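1. how would this look folded up:
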Amino acid sequence: MGLLTAACAAYASLAAWLWLTLAQGMFWRTDVRLPPRTAPTHWPSVAIVVPARDEAEVLPRSLPSLLAQDYPGEAEVILVDDGSTDGTGGLALRLAAEQPGLPLTVTSPGDPAPGWTGKLWALRHGIAIARTAHPTEPDFLLLTDADIAHEPDSLRELVAAATSADLDLVSQMARLRVAGLWERLVVPAFVYFFAQLYPFRRINRPGARTAAAAGGCVLLRTGAAVRAGVPDSIRQAVIDDVSLARAVHRSGGRIWLGLAERVDSVRPYPALADLWRMVSRSAYAQLRHQPLLLAGTVAGLALVYLVPPAALLTGLATGHAATAWAGGLAWLLMAGTYLPMLRYYGQPAVLAPLLPFTALLYLLMTVDSAVQHYRGRGASWKGRTYARPSDA
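-> Numbers count the residues shown, from 1 in each chain. A predicted model of the protein is given here:
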């Protein structure tokens, strides 16, 4: 019975990997970059809104890159200091004084109103200032996190892509930092899993039913934001980027998501504990705080990622060739589809067979996210803990 169970699990895992490889929007390819674009005849105005809470560590590497944007049209930067205690707002003003460039406004919204997450409260305040500070509101809003550094042509390329393809939302998944051992093991897999859940090609198809964005870099038409009622309509969202994209999509907006080439996160995650907190703080929110979804996710991760190496080893140990072959082929497909993401991050191919170990870590992080939620410490970030939306 044990061998029969192992064989069935191995076949099921192999079938899952055949489906993922061939029918899940080619999620494993990393060639989805900004769509073809040409410079507009008239460059639209842009307000860059940066929510920041205790970001003094990373701001010297990110804010100057925004101030130095080589943009032909009218643009400004609005940094929203969300209750920082480390001097984030003052540091931003000093950095702007040291490096002339785009005009900078530093503002603070005060504590979030009931039912709002801190980031979305800060974005609401920054967007309101952007829309009312001048006689005419900006054509576009660039919503970018305080740990994201942009190359000088980043804004120009984003706007050209949006205007050329008539897009309402253009989002790039910033290239996360990969330096230490744990970052090498966990970070490329994070983006791989995200793309598997939200295949970029499927999102970018006209009439797509799937919607997602990457919150570190979102260029949004102001008119589309108004039609979607954001951020007010998603004020409770912990996973704000996906919620934003869905709101824009529901209101009839056209969205695009892909990998970045010249947009990078400068936030370090040197220890496993840092990466663990990054994932576990919102993993259970992604599952809508539903125990059944948690159970299904754990079972799915185990079947897809843990069964292949276990089946291969079991088949070899017991002489059951079919089980070994099924497990080995599933593991090979897993590693093969992971290779493009490792290349995108400049990592060695030897890390590809270790994806089951990384998936086990993510499984444990997801379970821990649920445990922390039921202990009253779920969905926490920088001193704030958020209730599930129905309880907020």
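2. surely residue 236 meets residue 113?
-> No: with contact defined as Cβ atoms under 8 Å, residue 236 does not reach residue 113; the gap is 11.1 Å. For every residue, glycine as well, the C-beta is placed using N, CA and C.
3. neighbour count: these two, which is higher?
-> residue 236 (18 against 10; other Cβ atoms under 10 Å).
4. give me phi/psi at that one?
-> With angles defined as degrees, to the nearest 10, residue 236 sits at phi -90, psi 0.
5. ok, residue 305 touching residue 361?
-> No: counting by Cβ under 8 Å, residue 305 does not reach residue 361; the two are 10.5 Å apart.
6. those two: which has the busier surroundings?
-> residue 305 (25 against 17).
7. isn't there a helix covering the more buried one?
-> Yes: assessed by DSSP: H, G, I helix; E, B strand; the rest coil, residue 305 belongs to a helix.
8. for it, which non-adjacent residue is closest in space?
-> residue 359 (3.5 Å; Cβ to Cβ, 6 or more residues apart in numbering).
9. contact partners for residue 294?
-> 284, 287, 366-367, 370 (Cβ atoms under 8 Å, 6 or more residues apart in numbering).
10. turn those residues into JSON lines, columns for secondary structure.
-> Output for the contacts of residue 294, formatted as JSON lines (three-state DSSP):
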{"residue": "284", "secondary structure": "helix"}
{"residue": "287", "secondary structure": "coil"}
{"residue": "366", "secondary structure": "helix"}
{"residue": "367", "secondary structure": "helix"}
{"residue": "370", "secondary structure": "helix"}
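11. switch these over to TSV; also include pLDDT and neighbour count.
-> Shown next, in TSV, are those (pLDDT from 0 to 100; neighbours: other Cβ atoms under 10 Å):
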residue	pLDDT	neighbour count
284	92	28
287	91	19
366	96	20
367	96	16
370	94	22
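12. pull the most distant pair out of these.
-> 287 and 367 (10.8 Å; Cβ to Cβ).
13. what pLDDT does the residue nearest to residue 305 get?
-> On the pLDDT scale, residue 359 is placed at 98.
14. does it touch residue 307 like I think?
-> No: between residue 359 and residue 307 there is no contact under Cβ under 8 Å: 10.7 Å.
15. out of the two, which sits in the more crowded spot?
-> With neighbours defined as other Cβ under 10 Å, residue 359 and residue 307 compare such that residue 307 has more, 26 against 19.
16. residue 179 against residue 268, yeah?
-> Yes: assessed by Cβ under 8 Å, residue 179 is found in contact with residue 268 at 7.2 Å.
17. who has more neighbours, the two?
-> In this view residue 179 and residue 268 are compared by other Cβ under 10 Å, and residue 268 has more residues nearby, 14 against 11.
18. which residues does the more buried one contact?
-> Applying Cβ under 8 Å, 6+ apart, the residues near residue 268 are 177, 179, 274.
19. quick one: neighbours of the first one, just the number.
-> Spelled out, it's residue 177. So residue 177, with other Cβ under 10 Å, has 17 neighbours.
20. on the three-state scheme, it is what?
-> Assignment for residue 177 (three-state DSSP): coil.
21. pretty sure it sits against residue 187.
-> Yes: assessed by Cβ under 8 Å, residue 177 is found in contact with residue 187 at 7.3 Å.
22. mutual contacts of these two, please.
-> residue 269.
23. the helices in the stretch 101-250 of the chain, which residues?
-> 118-132, 154-164, 181-197, 200-204, 222-228, 240-250 (DSSP state H, counting those that start in this stretch).
24. what about the nearest residue to residue 340 once chain neighbours are set aside, which SS state?
-> Closest residue to residue 340 in three dimensions, ignoring its sequence neighbours and counting by Cβ to Cβ, 6+ apart: residue 30, at 4.5 Å. Put simply, residue 30 is coil when judged by three-state DSSP.
25. and residue 30, how far from residue 108?
-> As judged by Cβ to Cβ, to the nearest Å, residue 30 and residue 108 stand 39 Å apart.
26. repeat for residue 74
-> In terms of Cβ to Cβ, residue 74 sits 24 Å off from residue 108.
27. what of residue 149?
-> 23 Å.
28. again, but for residue 163
-> If you go by Cβ to Cβ, the gap between residue 163 and residue 108 works out to 33 Å.
29. quick one: which of those two has more around it?
-> Neighbours were counted for residue 163 and for residue 108 using other Cβ under 10 Å; residue 163 has more, 21 against 16.
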